[in-house]
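Trainee: Sequence first, then the predicted structure:
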Amino acid sequence: MKSNLSALAAGLLFGLGLMLSGMSNPGEVLSFLDWTGVWSPDLIGVLGSAVLVSLVGFQLARRKDRPWFEAEFAALPRKPIDRSLLFGNLLFGIGWGLAGYCPGPALAGLALGNDEVLVFLVAMLAGGFLQQWWARRRNDL
Amino acid sequence: MLTKLDPASHWLAGQIAGIHLFTLGGGMMIGAAAVLLYHAIGRIAGVSGIFFTGMKDGGLWRWLFLGGIVVGAGLGAYLFPSLNIVSRPNPGIWILILSGLLVGWGTRQGGGCTSGHGVCGLGRLAPRSLVAVLVFMATGIITASLLRHWLGVPA
């Protein structure tokens, strides 16, 4: 119960932050990514202030044995910097630069009367499942 | 916030002054949300990971977090309706589909997105995430700049 309520609270705060910071507006995102137009540094301001807070928070968490409401911190993958990481993020960046959406802001757009995100989110689901199908198939061969 | 700056002004000072209070405040809320999720239940607030894993394992907390994002954004739009804008033309259905496919595929293959690798990964000082952020920033900047300027897609 407490775990679920925390997840809900975190989501609410996340969505509110996305909206207030302007990141739910794909035009704002593109005005940072597009270096040929009127450039806006806001995205770096948002990411920078978010990382500042998370830096402190994650360092504090190192002193704890376990989270408040669960038995342990979820195990994080200890993977190398490999081709999947590079190639996946290369493709993600291209998609991001095309329309100005990454997953969080696209989700937030559902509450903002922004019909574009419906198309984007369906395609995003399809892309993710295609990748997982492809990855499984490659492992099988 | 869309900042329109006089190109003749002192560039750096103008850039700094143009950063709206909401930019930093909103960013800190995003960071605080990631810290809350980790301290409370030990999970990384990576939207793409939670989204796709939620489709398979269906843990309730995943749906509450994702639903919270939608409701939280709606709350922001209710409190500050003037901030709820889309300041670029609709790129059309094919660009939206292509970009969605790439974001879905890329975040699965690359193990995260702007929140997982960016907000959380950089905060955890994870080398993989730093590489991820540099790569998606670079290709995002190249794509947006190419498309919107040199290829003449209206911005």
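Mentor: Here it is on my side, so go on.
Trainee: low-scoring stretches of chain A, by residue?
Mentor: Across chain A, residues meeting the criterion (pLDDT under 70) sit at A:141.
Trainee: What are the boundaries of the helices in chain A?
Mentor: A:2-20, A:26-33, A:42-61, A:83-99, A:103-108, A:116-140 (DSSP state H).
Trainee: what sits against the nearest residue to residue B:116 once chain neighbours are set aside?
Mentor: Excluding the flanking residues, the one nearest residue B:116 by C-beta to C-beta, 6 or more residues apart in numbering or on different chains is residue B:46, at 2.3 Å. C-beta here means a position set from N, CA and C on the backbone, and glycine is covered the same way. Taking C-beta atoms under 8 Å, 6 or more residues apart in numbering or on different chains, we find residue B:46 in contact with B:112, B:113, B:115, B:116, B:117, B:120.
Trainee: from those, which is closest to residue B:74?
Mentor: Using C-beta to C-beta, residue B:115 comes nearest to residue B:74 of these, at 18.6 Å.
Trainee: ok, and the closest non-adjacent residue to that closest one?
Mentor: With C-beta to C-beta, 6+ apart as the criterion, residue B:115 has its nearest non-adjacent residue at 4.7 Å, and that residue is residue B:47.
Trainee: tell me the contacts of the residue of chain B found nearest chain A?
Mentor: Across chain B, no residue is closer to chain A than residue B:68, which sits at 2.0 Å (C-beta to the nearest C-beta). Contact partners of residue B:68, counting by C-beta under 8 Å, 6+ apart, are A:7, A:8, A:9, A:10, A:11, A:12, A:13, A:14, A:15.
Trainee: near chain B, from those?
Mentor: Applying C-beta under 8 Å from any C-beta of the partner chain to these, one finds that A:7, A:8, A:9, A:10, A:11, A:12, A:13, A:14, A:15 fall near chain B.
Trainee: Next one: the fifth one relative to residue B:91, how far apart?
Mentor: Just to be clear, that refers to residue A:11. Residue A:11 sits 27 Å away from residue B:91, going by C-beta to C-beta, to the nearest Å.
Trainee: Give me the more crowded residue out of these two.
Mentor: Comparing residue A:11 with residue B:91 by neighbour count (other C-beta atoms under 10 Å in any protein chain shown), the higher total belongs to residue A:11, at 30 against 22.
Trainee: What pLDDT does the model give the nearest residue to that one once chain neighbours are set aside?
Mentor: Spatial nearest neighbour of residue A:11, chain neighbours left out: residue B:68 (2.0 Å); criterion: C-beta to C-beta, 6+ apart. pLDDT for residue B:68: 98.
Trainee: Does residue B:68 lie in a helix or a strand, and which?
Mentor: Residue B:68 belongs to helix B:60-79 when assigned by DSSP states H and E.
Trainee: try residue B:135
Mentor: According to DSSP H and E, residue B:135 maps onto helix B:127-145.
Trainee: Run the angle between that helix and helix A:26-33 for me.
Mentor: Per axes from the mean of the first three to the mean of the last three C-alpha atoms, to 10 degrees, the angle that helix B:127-145 makes with helix A:26-33 is 100 degrees.
Trainee: how about the strands of chain B, start to end?
Mentor: Shown for chain B, no strands are assigned by DSSP state E.
Trainee: picking up where we left off before, mind checking how far the residue nearest to residue B:116 is from residue B:145?
Mentor: Distance of residue B:46 to residue B:145, given as C-beta to C-beta: 27 Å.
Trainee: From the ones next to chain B among the contacts of residue B:68, list the buried ones, please.
Mentor: Burial by neighbour count, judged by 16 or more other C-beta atoms under 10 Å in any protein chain shown, picks out A:7, A:8, A:9, A:10, A:11, A:12, A:13, A:14, A:15 from those.
Trainee: and which of those residues is nearest residue A:88?
Mentor: Taking C-beta to C-beta as the measure, residue A:88 lies nearest residue A:14 of those, at 22.6 Å.
Trainee: Touching, the closest one and residue B:35? I think so.
Mentor: No - between residue A:14 and residue B:35 there is no contact under C-beta atoms under 8 Å: 10.9 Å.
Trainee: If you count neighbours, what's buried in stretch A:53-71?
Mentor: Of the residues in stretch A:53-71, those buried (16+ other C-beta under 10 Å) are A:53, A:54, A:55, A:57, A:58, A:61, A:67, A:69, A:70.
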